[in-house]
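**Student:** Generate coordinates for the sequence data below:
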Amino acid sequence: MVQGRGGPIPKTNSKGEALHYHFEAFPWQSREAFLWRATVFPSKLNYLINVKTWRMIYDLGKGGKVILTDPEGTELEFTLNEKYYDRALDERGGFGPRPALGHLFGHPTPPIIPEENAVGVIAGTTSHLTRPFPTIRIHVENGRVKRIEGGGQYGEGWRKVEEQTADIKYPEFPDKGMFWLWEMAIGTNPKVRRPSNSLRLSGTNEVERSRSGVIHVGFGTRWRGESERWAASKGIPYGHLHVHLLFPTYEIKTKGGDVIRVIEHGRLKALDDPEVRELAKKYGDPDELLNEDWTPKIPGISVEGKYEDYARDPAAWIAKNG
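**Tutor:** Below is the predicted model:
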């Protein structure tokens, strides 16, 4: 079976267990996406990439401090608080001993604890279900969105929903408001590309989130989670909104004082792991196989030009330059 747009794999048997092998957790939205080399990327190799990356975050990073940056303006810090490690995978929706393959959570999932201390700014120009927008800056304090700057029409819509839900206490959050940080999902497949017709797709930029090293950051209720079921029963707004980080650097300062670089300027470091490269030899040239097929074009970051010129109207720039 082929899964829909995204979210967790459905529970499919009488015991409420997820039969992962029945689903390909990838949002097939076009013929082009289906024909990419991402679809035939060796599953054993991709699994090892996921395991290597997840070990850095979940095992070695426990109790450490994450520093997340991106040249579009992201600067965020938070602790991988040990209280987040007290539940099984299915209870915490992907943040557990087993990695959520292709969608590794760089921040713990709900319920969010009162000690949550994420602070800083998330910034970008692309998301899932909207055209690219002028740079949006999401200001975060103690895990909750405090201010939303820019973003064009996307930002206007976000601010409207934030105002509507500011005084609502959702079950999975420690205080009022719907827009709490929880999703920080890391893509792991180096052969994923942004569709050439992304500006015409209803899912605009959703596929790009799966490319290795890309992070999509989500604020709001967890899809199909407790808060959404609660809100739906009461006719209260629910959902979550995203910002994509295309060249992030994700670093962990461990409790023991070590520094673990999980992603560096959009490059997933597990791709350079000796064991990963050794396994890749079974399927072809490691240099070619573990190289990203697509690098986002952003003036002042990955191609010549001024970021300010791009950021005023990213959709127009992408339509012209790809």
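**Student:** Can you check the distance spanned by stretch 36-44, start to finish?
**Tutor:** 18 Å (CA to CA, to the nearest Å).
**Student:** roughly how far is it from the heart of the chain?
**Tutor:** 20 Å (CA atoms, centre = their mean, to the nearest Å).
**Student:** same check, this time on stretch 260-268
**Tutor:** In terms of CA atoms, centre = their mean, the centre of stretch 260-268 is found 14 Å from the chain centre.
**Student:** how long is it from one end to the other?
**Tutor:** 12 Å.
**Student:** How about stretch 302-317?
**Tutor:** Stretch 302-317 end-to-end distance (CA to CA) = 14 Å.
**Student:** same question, stretch 246-264
**Tutor:** For stretch 246-264, the first-to-last residue distance is 11 Å (CA to CA).
**Student:** neighbouring contacts of it?
**Tutor:** 53, 56-57, 60-72, 74, 80, 106, 124, 126, 186, 208, 213-215, 265-266, 268-269, 296, 298, 301-302 (CB atoms under 8 Å, 6 or more residues apart in numbering). For the C-beta atoms, the positions are set from N, CA and C on the backbone; glycine is no exception.
**Student:** average model confidence for it?
**Tutor:** Mean pLDDT, computed over stretch 246-264, is 98.
**Student:** And it, what's buried?
**Tutor:** 246, 247, 248, 249, 250, 251, 252, 253, 254, 260, 262, 263 (16 or more other CB atoms under 10 Å).
**Student:** now the helices: where do they sit in the stretch 201-322 of the chain?
**Tutor:** 226-234, 274-280, 286-289, 307-312, 314-321 (DSSP state H, counting those that start in this stretch).
**Student:** right, and those helices - which one's nearest residue 195?
**Tutor:** helix 314-321 (11.3 Å; CB to CB).
**Student:** Show me what that closest one is packed up against.
**Tutor:** Under the contact criterion of 3 or more CB pairs under 8 Å, 6 or more residues apart in numbering; DSSP states H and E, helix 314-321 touches no helix or strand at all.
**Student:** where are the low-confidence patches of this protein?
**Tutor:** 1-30, 33, 87-93, 198, 200-205 (pLDDT under 70).
**Student:** ok, longest helix in it?
**Tutor:** Ordering each helix of the chain by length in residues (DSSP state H) puts helix 152-165 first.
**Student:** what inclination does that helix have with respect to helix 314-321?
**Tutor:** With axes from the mean of the first three to the mean of the last three CA atoms, to 10 degrees as the basis, helix 152-165 and helix 314-321 are set at 150 degrees to each other.
**Student:** Figure out how far the helix or strand immediately after helix 152-165 in the chain is from the centre of its chain.
**Tutor:** Remark: after helix 152-165, the chain's next helix or strand is strand 181-186, criterion DSSP states H and E. Centre-to-centre, strand 181-186 and its host chain are 5 Å apart (CA atoms, centre = their mean).
**Student:** Pull up the pairing partners for strand 181-186, direction included.
**Tutor:** strand 104-105 (antiparallel), strand 215-220 (antiparallel) (DSSP bridges).
**Student:** one step back: I'd like the buried residues of stretch 246-264 written out as JSON lines, with distance to residue 230 added.
**Tutor:** What follows is these, written out as JSON lines (distance: CB to CB, whole Å):
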{"residue": "246", "distance to residue 230": "34"}
{"residue": "247", "distance to residue 230": "37"}
{"residue": "248", "distance to residue 230": "32"}
{"residue": "249", "distance to residue 230": "36"}
{"residue": "250", "distance to residue 230": "31"}
{"residue": "251", "distance to residue 230": "36"}
{"residue": "252", "distance to residue 230": "33"}
{"residue": "253", "distance to residue 230": "36"}
{"residue": "254", "distance to residue 230": "36"}
{"residue": "260", "distance to residue 230": "36"}
{"residue": "262", "distance to residue 230": "33"}
{"residue": "263", "distance to residue 230": "34"}
